[in-house]
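Participant: Structure for the following, please:
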Amino acid sequence: MPESVNVEHIIEKYGGDREALVEILRDVSQANGYVTPEAMATIAQRLGLPQSRVYSVASFYSLISLKPQGKHVIRFCQDAPCHVAGGREIWETLERELGIPFGATTPDGMWTLLTTSCIGACSVGPVMMVDHEIYGNLTPDRVREILSQVGGGA
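Facilitator: The predicted structure is shown next:
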């Protein structure tokens, strides 16, 4: 199975160090789009940890996904500074433009729409991160422009 080879490779990259659990889970999630139950079992076995510990760490961090995500992942800041700066309008624009609620992935697998806590760019709120790029000073028109650019005009 290609995924388990990839998981094994990532574990080896960290020398099988159980202190690197978060990094291992993050790398597996990034490489495969999410961390499968089989990957968690492999990680637990190789690091000598209970599967419950691996699951609890994986489910805690927002940058580690336990279910498949779209090609592009949008993380919209839901904290107070972004909300006060017009976040509600951007929230509604994202849901309307993508045709999905937060927490969902578009049927074509192109977009996943998630919320997150502070991205650290409060001075330019409302803010969202698309994949690993941060976008601030969002307006509905700017959101549509970003979606078009990132999605290749789709």
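
Participant: how far away is the residue sitting nearest the centre point of the chain from Glu19?
Facilitator: A centroid search over the chain (Cα atoms, centre = their mean) returns Leu63, at 4.6 Å, as the residue closest to the centre. Separation of Leu63 from Glu19 (Cβ to Cβ, to the nearest Å) stands at 18 Å. For every residue, glycine as well, the C-beta is placed using N, CA and C.

Participant: The residue nearest to the centre of the chain - that's part of a helix, no?
Facilitator: No: counting by DSSP: H, G, I helix; E, B strand; the rest coil, Leu63 falls outside a helix, being coil.

Participant: my guess is it meets Leu25, correct?
Facilitator: No: judged on Cβ atoms under 8 Å, Leu63 makes no contact with Leu25 at a distance of 9.2 Å.

Participant: circling back to that earlier point, residue contacts, the residue nearest to the centre of the chain?
Facilitator: With contacts defined as Cβ atoms under 8 Å, 6 or more residues apart in numbering, Leu63 is in contact with 26, 29.

Participant: Report the separation between it and Pro140.
Facilitator: 27 Å.

Participant: Please apply the same query to Ile43.
Facilitator: Taking Cβ to Cβ as the measure, Ile43 falls 42 Å from Pro140.

Participant: The two: who's more crowded?
Facilitator: More crowded of Ile43 and Pro140, by other Cβ atoms under 10 Å: Ile43, with 27 against 15.

Participant: Shouldn't the more buried one be within a strand?
Facilitator: No: checked against three-state DSSP, Ile43 lies outside a strand; its state is helix.

Participant: Which residue is the nearest non-sequential neighbour of it?
Facilitator: Leaving aside its sequence neighbours, Ile43 sits nearest to Val54 (Cβ to Cβ, 6 or more residues apart in numbering; 5.3 Å).

Participant: Tell me which helix or strand the one you found sits in.
Facilitator: Take DSSP states H and E as the rule and Val54 turns out to sit in helix 51-60.

Participant: pull the helix or strand with minimum mean pLDDT from this structure.
Facilitator: Across the helices and strands of the chain, mean confidence by mean pLDDT, DSSP states H and E is lowest for helix 2-13: a mean of 80.

Participant: what mean pLDDT does the following helix or strand past that helix have?
Facilitator: Note on helix 2-13: by DSSP H and E, the next helix or strand toward the C-terminus is helix 21-32. Model confidence over helix 21-32, given as mean pLDDT, is 93.
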